[in-house]
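Trainee: got a predicted model here, sequence first, then my questions.
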Amino acid sequence: SNMFASAGNKLQSISMTVLSGVGVGEPPPPPPPATMWESLLNKIDKFFEMSYMQRMAGFIMTLIFGLVMMGMASMYLPMVLIGFPQKFAFTYAMSNLLLLTSSCFMVGPKKQIENMTQPHRLVAAAAWLTSTVGLLYVVWRMRFFVYVACALSIQVISLLYYVGSYLPW
C-alpha cells in the first residue's frame, strides 16, 4: 500500500511537471513586477509591521479611544440643537477616524486600504474620508454654524453610504 502511494505521488509530480511546462530541477518563472499601487501598499504594510500582540494592543487602544470620543460626541449632541455644533462635530469626526484606525490595526493597513478601494466601495470611502477631513476643516477654520451643520450632515450621509457598501446587497 505504501509502495502504491509513493508511486502515485511520483506520477502526480511528473504530471504536474508536464502540465506546468516547468522541467524537473528548473526554477519556476519569476512573478510579474508589482505595480506602483501594489508597491506602495507593500511599503505601507512593511512600515506598520507589528507582532500579533502589538496589533491587538493598538486595536484595543484605538477602539476604546474611538468609543470614548463617540460617547463624548453624544454628550455634545444637545449643543447642536442650540446652535453650537463645533464640539460635537470635532469629537464625532475624531471618533470616526479612531475607529477606522482600530480596524487598520486589526486587519492591517494594506488590507484596509484594499478593502476601501474595491470598485464597489471606492466612491463611498472617498466621500467619507473627504467629508470627514472637510468637517474637521470647517470646525477648525470656519466655525460658522451653517457651514458646520452642512459639513456634519454631509459627513453623516457619507458615513452611512460607506457602511452600507459593506452590506451584501
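Mentor: Noted; the coordinates are in hand.
Trainee: element containing residue 53, please.
Mentor: Per DSSP states H and E: residue 53 is located in helix 52-81.
Trainee: next structured bit after that helix?
Mentor: Going down the chain from helix 52-81, the next helix or strand is helix 86-107, by DSSP H and E.
Trainee: neighbours of residue 55, how many?
Mentor: Residues near residue 55, counting by other C-beta atoms under 10 Å, number 17. Using the backbone N, CA and C atoms, a C-beta is placed for each residue, glycine as well.
Trainee: any weak-confidence spans in this protein?
Mentor: Within the chain, the stretches with pLDDT under 70 are 1-25, 47.
Trainee: let's check: the centremost residue of it is which one?
Mentor: Residue closest to the average C-alpha location in the chain (C-alpha atoms, centre = their mean): residue 112, at 2.5 Å.
Trainee: on that earlier part again, just the buried positions in the helix holding residue 53, please.
Mentor: 55, 58-59, 62-63, 65-66, 69-70, 72-73, 76, 80 (16 or more other C-beta atoms under 10 Å).
Trainee: make a markdown table out of these and add distance to residue 32.
Mentor: Compiled in a markdown table, those are given as follows (distance: C-beta to C-beta, whole Å):
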| residue | distance to residue 32 |
| --- | --- |
| 55 | 30 |
| 58 | 33 |
| 59 | 34 |
| 62 | 36 |
| 63 | 38 |
| 65 | 41 |
| 66 | 39 |
| 69 | 43 |
| 70 | 44 |
| 72 | 49 |
| 73 | 46 |
| 76 | 52 |
| 80 | 52 |
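Trainee: and of the residues you listed, the nearest to residue 94?
Mentor: residue 69 (5.1 Å; C-beta to C-beta).
Trainee: from residue 121, how far out is that closest one?
Mentor: 24 Å (C-beta to C-beta, to the nearest Å).
Trainee: same deal with residue 132?
Mentor: For residue 132 relative to residue 121 (C-beta to C-beta), the value is 16 Å.
Trainee: of the two, which one has the most company?
Mentor: Neighbour count, other C-beta under 10 Å: between residue 132 and residue 121, residue 132 has more, with 22 against 17.
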